[in-house]
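Student: the following block contains a protein sequence and its predicted model.
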Amino acid sequence: MSSPPPTKKHKASDLSGLELESSIAHLRNYRSSLIAEDVPESESDSMAAVNELDGIIGTLESRLNEPSSYNIEQKGMLKLKPWDELREAIATSRDIGSGELWSNDMMYKHLLFLFGSFKDKNETPSRTLIDTFFFRAGAMIPPPHKLVMMLENTVPASVPRESNMDTIYYTAIVAEKQLAKYYIQFPPLLNEASGGQMVAFFTVEAKSASAGSLLDHIPQAVVELIACAKRLGKSHIRGALTTGIKWHFVAVDLNADKDGAKYWASEVIQFIPPPANGSLPETDTSLIAAVLSEWIQHSFEEFKEDQWFIPIFL
């Protein structure tokens, strides 16, 4: 009698995103059961098992954050158009919302104030800078719509987020004015009903200046954007990664069968912090605010080309 064929063992790299999520959930439950037994630290074998589980869970979570686990491909990169072509669009953007509190001039003065208020210009808190750009972007939203900004909005639980002090998550929602007022008191759930009411939904993953290269965090941001798009019943969604000074914009297009996606990632847009009593490069800061506002408003649209970027297919 012939022996049964050997069972095929799957490596972590062979598992799909859903299989990885399931495996992580089971391992976490098993770990919790070990901890619940209140094992004394002297029982080194049991503690070693817990530590080994932590290592396995960490490895699987890092795998889960990779686009390849979710059938995701980068469609291409977005390159800024030549400055000769951008200057007129930037100049026009400065006039938008000029009668609002957060005009372009107000944004510029506030950024100068922030950089003049911290000893180390490179460590000016990211959040204060990002808030400033969001305030300006909101002032550029045309009526009857209004921007609502939320921190730490819940992304679907199937997506593990990095839990550290170096990361803040922003969500910008655009809706009709009365609905926007309602959202301020009662933040919307991430579901198709809410997606049908919103004009736009845009997420930003904010990193501290010491968090390393933003490019390393694009895979995590893409996976989160896909999760949000699915919950909202959308085929297209946009977001960004930033330190407040450096910005990468990301556009995601879900595949027709919703199994996987393709995405665009922009080259970095940044400005140089001013020296003591110096001035800011106003063109660069106005560009960031203009791109942010326009991308927020068109976050549910497929990216093809706009007045800021040229798509370069990979």
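Tutor: Here it is on my side, so go on.

Student: can you give me the helices for this structure?
Tutor: Applying DSSP state H to the chain gives helices spanning 17-36, 44-64, 83-95, 104-115, 126-139, 177-185, 192-197, 218-232, 282-297.

Student: the shortest one: how far from the chain's middle?
Tutor: The reference is to helix 192-197. Distance of helix 192-197 from its chain centroid, counting by Cα atoms, centre = their mean, to the nearest Å, is 20 Å.

Student: what of stretch 126-139?
Tutor: 15 Å.

Student: and stretch 289-309, by the same measure?
Tutor: Counting by Cα atoms, centre = their mean, stretch 289-309 comes out at 15 Å from the chain centroid.

Student: endpoint to endpoint, that stretch covers what distance?
Tutor: Distance between the boundary residues of stretch 289-309 (Cα to Cα, to the nearest Å) amounts to 14 Å.

Student: what residues of that stretch count as buried?
Tutor: Residues 289-301, 303, 306, 308-309 are the ones in stretch 289-309 that count as buried (16 or more other Cβ atoms under 10 Å). Placement of C-beta: from N, CA and C, glycine included.

Student: tell me which of the helices of the chain lies nearest to residue 238.
Tutor: Ranking the helices of the chain by proximity to residue 238 (Cβ to Cβ) places helix 282-297 first, at 5.2 Å.

Student: by contact count, what packs against the closest one?
Tutor: Applying 3 or more Cβ pairs under 8 Å, 6 or more residues apart in numbering; DSSP states H and E, we find helix 282-297 packed against helix 83-95, helix 104-115, helix 126-139, strand 167-176, strand 200-207, strand 236-242, strand 246-254, strand 269-270.

Student: mind giving me the packing neighbours of the shortest one?
Tutor: Using 3+ Cβ pairs under 8 Å, 6+ apart, the elements in contact with strand 269-270 are strand 246-254, helix 282-297.

Student: what about 10 Å?
Tutor: The contact analysis (3 or more Cβ pairs under 10 Å, 6 or more residues apart in numbering; DSSP states H and E) places strand 269-270 against strand 236-242, strand 246-254, helix 282-297.

Student: swap in the fifth one?
Tutor: With contacts defined as 3+ Cβ pairs under 10 Å, 6+ apart, the packing partners of strand 200-207 are helix 126-139, strand 145-151, strand 167-176, helix 218-232, strand 236-242, strand 246-254, helix 282-297.

Student: tell me which of these lies nearest to residue 269.
Tutor: Nearest of the helices and strands packed on strand 200-207 (Cβ to Cβ): strand 246-254, 4.7 Å.
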